[in-house]
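Student: With the sequence up front, the predicted model follows.
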Amino acid sequence: MQKERIKRIGICADHGGFELKGSIASFLIANHFEPVDFGAFKLDEADDYPDFVIPLAKAVAAAEVFRGIAICGSGVGACIAANKVSCVRAALINDNFSAHQGVEDDDMNLICLGGRVTGYASAEELVLSFLNAKFIGAERHIRRLRKIQDLERK
């Protein structure tokens, strides 16, 4: 029997999500994932989320990591920045259904969380649901994704 390879999960946060990032990184390890930290590496109230989110999003798009987790204060800025990178499908997630449905139907590959609005236990549930979900690949889902890819090429 072949041993399952540990999935590398990119993670980043600015000052608004710094504490939650640390908690989620430990949670990933405990659940047999390998966190790949894109920063911030120290708490700095003057840092800017794009400095961490953009490198993470590029790594997700290049398949250097399986999926990504971006955290800022509300999650909104991280989501906006991540979606500027071609081939990234990021969403701000606040509920369990969207955490897995976004992957199943829309092939979401980066989840955004709000460090100031998402509790630790809730974040763990959302992350696990996101990471364990699989893209269904139904014809209608593929058709919709192709329309988005066409827009990215323009």
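Tutor: All right, it came through fine. Quantities reported herein were computed from a predicted structural model and do not represent experimental measurements. Residues are numbered from 1 along each chain as shown.
Student: Where does the prediction get shaky in this structure?
Tutor: 1-3 (pLDDT under 70).
Student: Which strand or helix spans residue 144?
Tutor: Using DSSP states H and E, residue 144 sits within helix 139-153.
Student: Packing partners of that helix?
Tutor: With contacts taken as 3 or more CB pairs under 8 Å, 6 or more residues apart in numbering; DSSP states H and E, helix 139-153 sits against helix 96-106. Every C-beta, even on glycine, is put in place using the N, C-alpha and C of the backbone.
Student: Residue 40 - that's part of a helix, no?
Tutor: No: under DSSP: H, G, I helix; E, B strand; the rest coil, residue 40 sits outside any helix and is assigned coil.
Student: Pretty sure it sits against residue 19.
Tutor: No: counting by CB atoms under 8 Å, residue 40 does not reach residue 19; the two are 11.1 Å apart.
Student: the more surrounded of these two?
Tutor: The neighbour comparison of residue 40 against residue 19 (other CB atoms under 10 Å) goes to residue 40, with 19 against 15.
Student: Backbone torsions only: list them for the more buried one.
Tutor: phi -70, psi 150 (degrees, to the nearest 10).
Student: Now it: closest residue in space, sequence neighbours ignored.
Tutor: residue 47 (5.3 Å; CB to CB, 6 or more residues apart in numbering).
Student: any idea how far that neighbour is from residue 93?
Tutor: 23 Å (CB to CB, to the nearest Å).
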